[in-house]
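K.L.:
Just need the structure, nothing else, for what follows:
(one chain, ligands or ions: 2)
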Amino acid sequence: MSTYKYYINGQWKDSDSKETISIISPYTNEEVGKVQAITQEEADLAIKSAKEAQKEWANLTVRKRGEYLYKWMDELNKNKENIARTIMKEVGKGYNDALKEVSRTVDFIRYTIEEAVHMYNESMSGENFEGGNNSKIAIISKRPLGVILAISPFNYPVNLSVAKIAPALVSGNTVIFKPATQGAISAVKIIEALDKTGIPKGILNLVTGKGSVIGDFLTEHEGINMISFTGGSETGKHIAEKSKMIPLVMELGGKDPAVVCDDADLNFVAKQIISGAYSYSGQRCTAIKRVLANKKIANELVNILKNEVDKLTVGSPEENSIIVPLIDKKSADYVQGLIDDALAKGATLVCGNKREGNLIYPTLLDNVTLDMRIAWEEPFGPVLPVIRVNSDEEAIKIANESEFGLQASIFTQNIDRAFNIAPRLEVGTVQVNGRTERGPDHLPFLGIKSSGMGVQGIRKSIESMTIEKVTVININR
Ligand SMILES: NC(=O)C1=CN([C@@H]2O[C@H](COP(=O)(O)OP(=O)(O)OC[C@H]3O[C@@H](n4cnc5c(N)ncnc54)[C@H](OP(=O)(O)O)[C@@H]3O)[C@@H](O)[C@H]2O)C=CC1
Ligand SMILES: O=C(O)[C@H](O)COP(=O)(O)O
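P.N.:
Ligands and ions are numbered 1, 2, ... in the order given. Have a look, this model is predicted:
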């Protein structure tokens, strides 16, 4: 098995710690490879080299920086099967989905470059303000923030990493990239592709090691000018407490509800809910994580959902099964705990509650009540609770009682009804008659409450990594 190096100042290196972390595949339970557990001194040097490289990088034109990114895109595209296989082995994602993740990333980079080259300076005249005149003209340009710390989660080890790195680089920042440990080999692969572009040294530094060991050191480091984080809410809150007065963008957990009204087209709804809730075994922040079903249609909806769940393929990512083993035993134990708690408190088991190691069969729970943990907690696994409600009003109330506020779906054939519910849901995005999801990637993507702060989405990500610089010309008229 390969032992992968980390990447600092344009060089691939073994850590002086002499320690490596073994990455175990969630479905073969075999080692996929080892990554370096770097030391704080090495993390410090990585930040220093990023700082040193930043000024020259920022002085290049956006088109010049874009040239490197275009080459990166081509390298990723050339190696997409190999990278997809690594994603599959490392995080247990179905091969076809892993391949889509790489293609989506290639498209993401292309759009990022195109967006950046179409972002212009603004100007303002003093005459628009009371008592002002046109002798004052302000030019408002955008400057990079400096060194961006990009921390990504396991579930999209390529796409969610590049979704931070590409906007940072194109706008003249340099990057310290800390991937999820389970995902770090995929990270090595994408940075190998970047290295092949001949990008100047120090622009991107890949630091591998457990977040619990090097995370605080990175977050608290004075050389970091902004943190873009995707991961769990608890980790996000911890980082927010540790960081020192720098901008933060956080995409965190969710408990996305599907509000199903009594006039919805239930066959269509069921398809959306099933793909929303169970794809990649529910290991998506945007997965549908509770159904708030109007009592009038709940029996029929649950019957249709059951039929659809029965069709889900369960097994290996190599066979493109929808339901695959969860990322690790701890996660599977957690999901099982939520199921056990709900059943002990009287939920109806419609199907599922079967387990083989990390593999949890798709589980549907009906008559879930608000005293059950599954009504509120994020499983990040293939279990879906149905909570029956009497009215739209009650659905809105329960939806908003969650600590999370990522996305929500509303299913109804009455557009007025949808538009009366949508503004009242405390979430970043409402999907009317569609499953909750992040893409297309140029849309703003955000969570409120414990689901995050700041906004991603290509243009928004670029904006979040830059700051206005105002130059005022005073003309003697
Ligand atoms: N809203 C969104 O866009 C998304 C949200 N998520 C959420 O992420 C969670 C699952 O992802 P998961 O990877 O397990 O999340 P974690 O929060 O466990 O880890 C996310 C990243 O943070 C790192 N990390 C851990 N501790 C620290 C620390 N003290 N300081 C700095 N970094 C640290 C991890 O490193 P290491 O792996 O080494 O521990 C990893 O790179 C779910 O809650 C999910 O909802 C996931 C994807 C998208
Ligand atoms: O990491 C996640 O879960 C994503 O941000 C969700 O992306 P998706 O909706 O495209 O799966």
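K.L.:
Report the secondary structure state of Ile148.
P.N.:
strand (DSSP: H, G, I helix; E, B strand; the rest coil).
K.L.:
Would you mind listing what in this protein touches ligand 2?
P.N.:
Selection of the chain residues close to ligand 2 by Cβ under 6 Å from any ligand atom yields Asn155, Tyr156, Leu160, Arg284, Cys285, Thr286, Glu437, Arg438, Gly439. C-beta coordinates here come from the backbone N, C-alpha and C atoms, glycine included.
K.L.:
switch the cut-off to 5 Å
P.N.:
By Cβ under 5 Å from any ligand atom, the residues of the chain that approach ligand 2 are Asn155, Tyr156, Arg284, Cys285, Thr286, Glu437, Arg438, Gly439.
K.L.:
What is the lowest-pLDDT residue among these?
P.N.:
Lowest pLDDT of these: Gly439, 93.
K.L.:
Identify the residue nearest that one in space, chain neighbours excluded?
P.N.:
Arg104 (7.3 Å; Cβ to Cβ, 6 or more residues apart in numbering).
K.L.:
Next one, pLDDT for that neighbour please.
P.N.:
pLDDT at Arg104 comes out at 98.
K.L.:
re earlier: from the residues of the chain next to ligand 2, pick the one nearest Ile398.
P.N.:
Ile398 has its nearest neighbour among those in Thr286, at 19.0 Å by Cβ to Cβ.
K.L.:
list the contacts for the closest one?
P.N.:
Applying Cβ atoms under 8 Å, 6 or more residues apart in numbering, we find Thr286 in contact with Gly254, Asp256, Gly276, Leu406, Gln407, Thr436, Glu437, Arg438.
K.L.:
again, but for Lys13
P.N.:
Taking Cβ under 8 Å, 6+ apart as the test, what Lys13 contacts is Lys5, Tyr6, Tyr7, Gln36, Glu42.
K.L.:
Restricting to C-alpha, output the longest helix along the chain in PDB.
P.N.:
Longest helix in the chain by number of residues, with DSSP state H as the criterion: helix 95-117. Written as PDB, here are the backbone C-alpha positions of helix 95-117 (Å, rounded to 0.1, in the frame of the first residue of the first chain):
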ATOM      1  CA  TYR A  95     -18.300   4.600  -8.400                       C
ATOM      2  CA  ASN A  96     -20.700   6.400 -10.700                       C
ATOM      3  CA  ASP A  97     -21.400   9.000  -8.100                       C
ATOM      4  CA  ALA A  98     -17.600   9.400  -7.400                       C
ATOM      5  CA  LEU A  99     -17.100   9.900 -11.200                       C
ATOM      6  CA  LYS A 100     -19.900  12.500 -11.200                       C
ATOM      7  CA  GLU A 101     -18.200  14.200  -8.300                       C
ATOM      8  CA  VAL A 102     -15.000  14.600 -10.300                       C
ATOM      9  CA  SER A 103     -16.800  15.900 -13.400                       C
ATOM     10  CA  ARG A 104     -18.800  18.300 -11.300                       C
ATOM     11  CA  THR A 105     -15.500  19.600  -9.900                       C
ATOM     12  CA  VAL A 106     -14.100  20.100 -13.300                       C
ATOM     13  CA  ASP A 107     -17.200  22.100 -14.300                       C
ATOM     14  CA  PHE A 108     -16.900  24.000 -11.000                       C
ATOM     15  CA  ILE A 109     -13.300  25.100 -11.800                       C
ATOM     16  CA  ARG A 110     -14.300  26.200 -15.300                       C
ATOM     17  CA  TYR A 111     -17.200  28.300 -14.000                       C
ATOM     18  CA  THR A 112     -15.100  29.800 -11.200                       C
ATOM     19  CA  ILE A 113     -12.500  31.100 -13.700                       C
ATOM     20  CA  GLU A 114     -15.200  32.400 -16.000                       C
ATOM     21  CA  GLU A 115     -17.000  34.100 -13.100                       C
ATOM     22  CA  ALA A 116     -13.800  35.700 -11.800                       C
ATOM     23  CA  VAL A 117     -12.800  37.200 -15.100                       C
END
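K.L.:
All further residue positions should be reported with the first residue as 57.
P.N.:
Got it, first residue is 57 now, which makes that one helix 151-173.
K.L.:
Next secondary structure after it?
P.N.:
strand 178-181 (DSSP states H and E).
K.L.:
Sheet-wise, list the partners of that following strand with their directions.
P.N.:
strand 192-200 (antiparallel) (DSSP bridges).
K.L.:
For the partner strand, give the mean pLDDT please.
P.N.:
pLDDT averaged over strand 192-200 gives 97.
K.L.:
what's the answer for stretch 287-304, then?
P.N.:
pLDDT averaged over stretch 287-304 gives 97.
K.L.:
does ligand 1 sit close to it?
P.N.:
Yes: looking at stretch 287-304 against ligand 1 by Cβ under 5 Å from any ligand atom, the contacts come from Gly287, Gly288, Thr291.
K.L.:
which ones are touching the second one?
P.N.:
Same thing as Gly288. Gly288 neighbours (Cβ under 8 Å, 6+ apart): Pro209, Leu308, Gly309.
K.L.:
Let me have these in JSON lines, extended by secondary structure.
P.N.:
Shown next, in JSON lines, are those (three-state DSSP):
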{"residue": "Pro209", "secondary structure": "coil"}
{"residue": "Leu308", "secondary structure": "coil"}
{"residue": "Gly309", "secondary structure": "coil"}
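K.L.:
By neighbour count, which of these wins?
P.N.:
Using other Cβ atoms under 10 Å as the neighbour criterion, Leu308 leads the contacts of Gly288 with 26 neighbours.
K.L.:
Next, find the distance separating that one from ligand 1.
P.N.:
Using Cβ to the nearest ligand atom, to the nearest Å, we find Leu308 at a distance of 5 Å from ligand 1.
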